[in-house]
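A.B. asks: Here is a sequence together with a model predicted from it:
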Amino acid sequence: MKFSTDKLKVQLKIVKPRIELVHKKKISLNIRSKNEIADLLEKGKINTARIKVVENIIREDFNIESLEILALCCELLNTRLLLLNEKEVNDLALLSAIKTIIFSAPRCEIKEMTKISKILEAKFGSKFIKAALNNTDQDINQKIYKNYMIKSLDENLVNRYLQEIANSYKIECELTQKANVNIYNFIIIYIILWF
(Lines give C-alpha, C1' and ligand atoms only; values in the text may rest on other atoms or scores of the structure.)
Protein backbone atom coordinates (compact mmCIF):
# COMPACT_ATOMS: atom_id res chain seq x y z
CA MET A 1 0.00 0.00 0.00
CA LYS A 2 1.32 3.40 -0.97
CA PHE A 3 0.91 6.32 1.42
CA SER A 4 -1.70 8.89 0.43
CA THR A 5 -2.73 11.95 2.40
CA ASP A 6 -6.05 11.85 0.50
CA LYS A 7 -6.85 8.35 1.80
CA LEU A 8 -5.83 9.41 5.29
CA LYS A 9 -7.99 12.54 5.10
CA VAL A 10 -11.02 10.45 4.08
CA GLN A 11 -10.50 8.02 6.96
CA LEU A 12 -10.04 10.88 9.43
CA LYS A 13 -13.30 12.39 8.19
CA ILE A 14 -15.06 9.03 8.67
CA VAL A 15 -13.58 8.33 12.10
CA LYS A 16 -14.68 11.58 13.74
CA PRO A 17 -18.45 10.83 13.80
CA ARG A 18 -17.67 7.19 14.61
CA ILE A 19 -15.73 8.22 17.72
CA GLU A 20 -18.58 10.54 18.72
CA LEU A 21 -21.13 7.74 18.26
CA VAL A 22 -19.15 5.21 20.32
CA HIS A 23 -18.50 7.92 22.94
CA LYS A 24 -22.23 8.69 23.31
CA LYS A 25 -23.10 5.00 23.43
CA LYS A 26 -20.57 4.32 26.20
CA ILE A 27 -21.81 7.29 28.24
CA SER A 28 -25.40 6.07 27.90
CA LEU A 29 -24.45 2.54 28.99
CA ASN A 30 -22.45 3.96 31.89
CA ILE A 31 -25.46 5.91 33.14
CA ARG A 32 -27.57 2.73 33.04
CA SER A 33 -24.87 0.83 34.91
CA LYS A 34 -24.69 3.54 37.58
CA ASN A 35 -28.46 3.25 38.03
CA GLU A 36 -28.01 -0.50 38.47
CA ILE A 37 -25.32 0.08 41.10
CA ALA A 38 -27.54 2.57 42.91
CA ASP A 39 -30.28 -0.09 43.06
CA LEU A 40 -27.83 -2.64 44.46
CA LEU A 41 -26.56 -0.15 47.05
CA GLU A 42 -30.12 0.66 48.14
CA LYS A 43 -30.70 -3.05 48.69
CA GLY A 44 -27.49 -3.25 50.75
CA LYS A 45 -25.68 -5.43 48.22
CA ILE A 46 -22.39 -3.54 48.33
CA ASN A 47 -20.17 -6.52 47.45
CA THR A 48 -22.34 -7.42 44.47
CA ALA A 49 -22.19 -3.82 43.28
CA ARG A 50 -18.43 -3.77 43.76
CA ILE A 51 -17.76 -7.01 41.89
CA LYS A 52 -20.43 -6.98 39.22
CA VAL A 53 -20.67 -3.49 37.98
CA VAL A 54 -18.32 -0.87 39.41
CA GLU A 55 -15.18 -2.28 37.81
CA ASN A 56 -16.93 -2.25 34.43
CA ILE A 57 -18.00 1.36 34.97
CA ILE A 58 -14.46 2.40 35.88
CA ARG A 59 -13.02 0.67 32.81
CA GLU A 60 -15.67 2.28 30.61
CA ASP A 61 -14.88 5.69 32.14
CA PHE A 62 -11.26 5.09 31.16
CA ASN A 63 -12.38 4.14 27.64
CA ILE A 64 -14.55 7.25 27.39
CA GLU A 65 -11.62 9.42 28.46
CA SER A 66 -9.39 7.65 25.92
CA LEU A 67 -11.90 8.26 23.13
CA GLU A 68 -11.94 11.97 23.94
CA ILE A 69 -8.14 12.12 23.73
CA LEU A 70 -8.13 10.00 20.59
CA ALA A 71 -10.55 12.43 18.93
CA LEU A 72 -8.12 15.26 19.72
CA CYS A 73 -5.21 13.27 18.27
CA CYS A 74 -7.18 12.68 15.07
CA GLU A 75 -8.04 16.37 14.91
CA LEU A 76 -4.36 17.30 15.29
CA LEU A 77 -3.39 14.81 12.59
CA ASN A 78 -6.07 16.19 10.27
CA THR A 79 -4.94 19.78 10.93
CA ARG A 80 -1.27 19.01 10.23
CA LEU A 81 -1.87 16.50 7.46
CA LEU A 82 0.25 18.39 4.92
CA LEU A 83 3.34 17.91 7.09
CA LEU A 84 3.15 14.19 6.24
CA ASN A 85 4.02 14.99 2.62
CA GLU A 86 7.51 15.97 3.75
CA LYS A 87 10.24 13.36 3.69
CA GLU A 88 10.82 13.60 7.45
CA VAL A 89 8.31 14.63 10.07
CA ASN A 90 9.90 16.57 12.93
CA ASP A 91 6.78 17.91 14.65
CA LEU A 92 6.91 16.17 18.05
CA ALA A 93 3.26 16.84 18.89
CA LEU A 94 2.21 15.36 15.56
CA LEU A 95 4.43 12.31 16.02
CA SER A 96 3.05 11.77 19.51
CA ALA A 97 -0.52 12.00 18.18
CA ILE A 98 0.31 9.55 15.38
CA LYS A 99 1.89 7.07 17.80
CA THR A 100 -1.07 7.43 20.16
CA ILE A 101 -3.46 6.65 17.30
CA ILE A 102 -1.41 3.61 16.29
CA PHE A 103 -1.18 2.40 19.90
CA SER A 104 -4.93 2.82 20.40
CA ALA A 105 -6.08 1.29 17.12
CA PRO A 106 -6.09 -2.38 18.24
CA ARG A 107 -7.33 -1.45 21.73
CA CYS A 108 -10.32 0.74 20.95
CA GLU A 109 -13.56 -0.47 19.40
CA ILE A 110 -13.28 1.60 16.24
CA LYS A 111 -12.31 -0.29 13.09
CA GLU A 112 -11.53 2.91 11.19
CA MET A 113 -8.63 3.48 13.56
CA THR A 114 -7.04 0.28 12.27
CA LYS A 115 -7.40 1.58 8.70
CA ILE A 116 -5.74 4.85 9.70
CA SER A 117 -2.95 2.87 11.36
CA LYS A 118 -2.38 0.88 8.15
CA ILE A 119 -2.18 4.08 6.10
CA LEU A 120 0.32 5.51 8.59
CA GLU A 121 2.36 2.30 8.34
CA ALA A 122 2.76 2.96 4.62
CA LYS A 123 4.30 6.34 5.51
CA PHE A 124 6.44 5.43 8.51
CA GLY A 125 7.16 1.71 8.12
CA SER A 126 6.62 -1.36 10.28
CA LYS A 127 9.50 -0.54 12.66
CA PHE A 128 7.79 2.76 13.59
CA ILE A 129 4.47 0.93 14.06
CA LYS A 130 6.07 -1.67 16.34
CA ALA A 131 7.71 1.06 18.42
CA ALA A 132 4.35 2.83 18.76
CA LEU A 133 2.48 -0.35 19.70
CA ASN A 134 5.06 -1.14 22.39
CA ASN A 135 5.49 2.50 23.44
CA THR A 136 9.24 2.04 23.03
CA ASP A 137 9.96 5.77 22.99
CA GLN A 138 7.40 6.45 25.73
CA ASP A 139 5.74 9.25 23.82
CA ILE A 140 2.22 7.84 23.69
CA ASN A 141 -0.28 10.05 25.49
CA GLN A 142 0.17 9.02 29.13
CA LYS A 143 -3.55 8.96 29.95
CA ILE A 144 -4.30 6.67 27.02
CA TYR A 145 -1.36 4.43 27.85
CA LYS A 146 -2.46 4.14 31.49
CA ASN A 147 -6.12 3.61 30.57
CA TYR A 148 -5.44 0.82 28.09
CA MET A 149 -2.68 -0.91 30.07
CA ILE A 150 -4.41 -1.10 33.46
CA LYS A 151 -4.75 -4.71 34.58
CA SER A 152 -6.42 -4.55 37.98
CA LEU A 153 -8.20 -1.71 39.68
CA ASP A 154 -7.16 -0.22 42.99
CA GLU A 155 -9.61 -1.07 45.76
CA ASN A 156 -9.64 2.56 46.95
CA LEU A 157 -10.68 3.70 43.49
CA VAL A 158 -13.50 1.16 43.42
CA ASN A 159 -14.66 2.30 46.88
CA ARG A 160 -14.51 5.97 45.85
CA TYR A 161 -16.67 5.19 42.82
CA LEU A 162 -19.18 3.37 44.99
CA GLN A 163 -19.24 6.29 47.46
CA GLU A 164 -19.66 8.81 44.67
CA ILE A 165 -22.55 6.87 43.14
CA ALA A 166 -24.19 6.49 46.55
CA ASN A 167 -23.78 10.22 47.21
CA SER A 168 -25.07 11.29 43.81
CA TYR A 169 -28.17 9.10 44.22
CA LYS A 170 -28.52 10.18 47.88
CA ILE A 171 -28.31 6.63 49.18
CA GLU A 172 -27.42 6.05 52.79
CA CYS A 173 -25.29 2.94 53.12
CA GLU A 174 -22.21 1.63 54.87
CA LEU A 175 -19.91 3.37 52.37
CA THR A 176 -21.38 6.84 52.78
CA GLN A 177 -21.45 6.48 56.55
CA LYS A 178 -17.72 5.63 56.56
CA ALA A 179 -17.01 8.60 54.31
CA ASN A 180 -19.01 10.90 56.58
CA VAL A 181 -17.11 9.62 59.64
CA ASN A 182 -13.79 10.23 57.84
CA ILE A 183 -14.81 13.77 56.93
CA TYR A 184 -15.99 14.38 60.49
CA ASN A 185 -12.67 13.07 61.89
CA PHE A 186 -10.73 15.25 59.46
CA ILE A 187 -12.68 18.35 60.53
CA ILE A 188 -12.15 17.58 64.22
CA ILE A 189 -8.40 17.08 63.73
CA TYR A 190 -8.19 20.26 61.66
CA ILE A 191 -10.00 22.27 64.34
CA ILE A 192 -7.78 20.84 67.12
CA LEU A 193 -4.59 21.62 65.18
CA TRP A 194 -5.77 25.06 64.12
CA PHE A 195 -6.65 26.25 67.62
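C.D. replies: All right, it came through fine.
A.B. asks: going forward, measure contacts between C-alpha atoms and count neighbours the same way
C.D. replies: OK.
A.B. asks: isn't Asn30 right next to Ile57, touching?
C.D. replies: Yes: in terms of CA atoms under 8 Å, Asn30 counts as a neighbour of Ile57; the distance is 6.0 Å.
A.B. asks: For this structure, which element, helix or strand, carries the lowest mean pLDDT?
C.D. replies: When the helices and strands of the chain are compared on mean pLDDT, DSSP states H and E, helix 174-194 comes out lowest with a mean of 52.
A.B. asks: Centre-most residue in the protein?
C.D. replies: In the chain, the centroid-proximal residue (CA atoms, centre = their mean) is Ser66; its distance is 2.7 Å.
A.B. asks: so what's that one up against?
C.D. replies: By CA atoms under 8 Å, 6 or more residues apart in numbering, the contact set of Ser66 is 143-144, 147.
A.B. asks: Which helix runs longest in this structure?
C.D. replies: Of all segments of type helix in the chain, defined using DSSP state H, the longest is helix 5-42.
A.B. asks: Mind listing what's buried along it?
C.D. replies: 5, 8-9, 11-12, 15-16, 18-19, 22-23, 26-27, 30, 33-34, 37-42 (16 or more other CA atoms under 10 Å).
A.B. asks: Which other helices and strands does it contact?
C.D. replies: helix 55-79, helix 111-124, helix 155-168 (3 or more CA pairs under 8 Å, 6 or more residues apart in numbering; DSSP states H and E).
A.B. asks: quick one: which of those helices is nearest Leu92?
C.D. replies: Closest to Leu92 of the helices and strands packed on helix 5-42 is helix 55-79 (CA to CA; 11.7 Å).
A.B. asks: what angle separates the next helix or strand after the closest one from helix 111-124?
C.D. replies: Sequence-wise, the next helix or strand downstream of helix 55-79 (DSSP states H and E) is helix 92-104. Counting by axes from the mean of the first three to the mean of the last three CA atoms, to 10 degrees, helix 92-104 points 130 degrees away from the direction of helix 111-124.
A.B. asks: Return the set of buried residues in helix 92-104.
C.D. replies: Buried, per 16+ other CA under 10 Å, within helix 92-104: 94-104.
A.B. asks: before we move on, what about stretch 115-126?
C.D. replies: Buried, per 16+ other CA under 10 Å, within stretch 115-126: 115-121, 123.
A.B. asks: what's the answer for stretch 145-162, then?
C.D. replies: Judged by neighbour count using 16+ other CA under 10 Å, the buried positions of stretch 145-162 are 145, 147-148, 158, 161-162.
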